[in-house]
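Undergrad: Make a model of this:
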Amino acid sequence: MAAYTQWYCRCDSCRGAWRVDCTARKPRIIGYQVEYRDRHYRLSEHAQVIKRQADIRRRYRSLNEDQIRADRARLHLRGTKTCRECREVLTLASFYQTRQSPDGLGVHCRRCDRIKKYGLTEEQHAEIVERTGGRCVYCAGPYEHLDHVIPKRLDGTDDPENLVVSCKRCNLSKLGSRLQDWWPRHFVEHLRRTLPVPTREALLDLLATHGIDTDELLRAEREAADL
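TA: You can find the predicted model right below:
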């Protein structure tokens, strides 16, 4: 009751008693704040920050797929997520999967992640996608990756001229191989699909630029069409 009276009573006596009580508790409150900061953030020691981040990533990686799906459903009830970069509300399929977050998804959408990763502008990224009609240049599959035509390990660059739209399967199949070495192995897989006109034209230009004969490709496509 005394605390209630001191809080609401405006007489000098009660206000003075309340001020003395707050002054007496101030060191203890500051101590609690410092202890909480050191325990949870450890901002003053870089090594401890790195260790805490590693512990968090290790805990997330130890989760199984069922736990990740349950956390994802709990955190995203509508099946959507906001990209931290462009602030657009997108479906969960628009984000890369990662074991370093509670919901198992990255904080940036796939488009923003590619732009930041390769240092592209919005206009350059749109030009690369438009070049093939938004489809994988090798098989007309979905747009999932950006592939380096000349691999980075062979001194390839992140210039827009060296980047093409690719699906996950083709990009992981090509990896660090030269286009001249990888294309003959992928040729049979390519013939199983019919490419849209923009994607087909982009592929023919790409093969011709890198000195790969396109006559065999055109002949095989005609034979496949006749069957």
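Undergrad: would you list every one of the strands in the chain?
TA: 80-82, 89-91, 95-97, 105-109, 145-148, 163-166 (DSSP state E).
Undergrad: in its sheet, what does the fifth one sit against?
TA: It refers to strand 145-148. Taking DSSP bridges as the criterion, strand 145-148 sits next to strand 163-166 (antiparallel) in its sheet.
Undergrad: Give me the below-cutoff pLDDT ranges for this structure.
TA: Of all residues in the chain, those with pLDDT under 70 make up the ranges 1-10, 37-47, 49, 188-194, 220-221, 224-227.
Undergrad: Quickly compare the strands of the chain and say which is most buried.
TA: strand 163-166 (a mean of 25; mean count of other CB atoms under 10 Å). No exception for glycine: its C-beta is placed from N, CA and C like everyone else's.
Undergrad: Show me what the longest helix that the chain contains is packed up against.
TA: Secondary structure assigned by DSSP state H gives helix 12-40 as the longest helix of the chain. For helix 12-40, the packing partners by 3 or more CB pairs under 8 Å, 6 or more residues apart in numbering; DSSP states H and E come out as helix 2-8.
Undergrad: got the domain boundaries for the protein?
TA: Annotated domains of the chain cover 64-115, 128-226 [automatic domain parsing].
Undergrad: hey, where'd the helices end up in the protein?
TA: Along the chain, the stretches classed as helices by DSSP H are 2-8, 12-40, 46-61, 65-75, 110-118, 122-131, 168-174, 179-191, 197-209, 215-226.
Undergrad: could I get the ones you listed as JSON lines with distance to Asp159 and mean neighbour count?
TA: Supplementary listing: these in JSON lines, determined by distance: least, CB to CB, whole Å; neighbours: other CB atoms under 10 Å:
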{"stretch": "helix 2-8", "distance to Asp159": "67", "mean neighbour count": "11"}
{"stretch": "helix 12-40", "distance to Asp159": "44", "mean neighbour count": "11"}
{"stretch": "helix 46-61", "distance to Asp159": "33", "mean neighbour count": "12"}
{"stretch": "helix 65-75", "distance to Asp159": "36", "mean neighbour count": "13"}
{"stretch": "helix 110-118", "distance to Asp159": "9", "mean neighbour count": "17"}
{"stretch": "helix 122-131", "distance to Asp159": "9", "mean neighbour count": "15"}
{"stretch": "helix 168-174", "distance to Asp159": "18", "mean neighbour count": "17"}
{"stretch": "helix 179-191", "distance to Asp159": "16", "mean neighbour count": "14"}
{"stretch": "helix 197-209", "distance to Asp159": "14", "mean neighbour count": "16"}
{"stretch": "helix 215-226", "distance to Asp159": "26", "mean neighbour count": "11"}
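Undergrad: right, so of the ones you listed, which gets closest to Glu144?
TA: Comparing the helices of the chain by their distance to Glu144 (CB to CB), the top pick is helix 168-174, with 4.3 Å.
Undergrad: Contacts made by that closest one with the rest, please.
TA: Cys136, Tyr138, Cys139, Gly141, Glu144, His145, Asp147, Ser166, Trp182, His186 (CB atoms under 8 Å, 6 or more residues apart in numbering).
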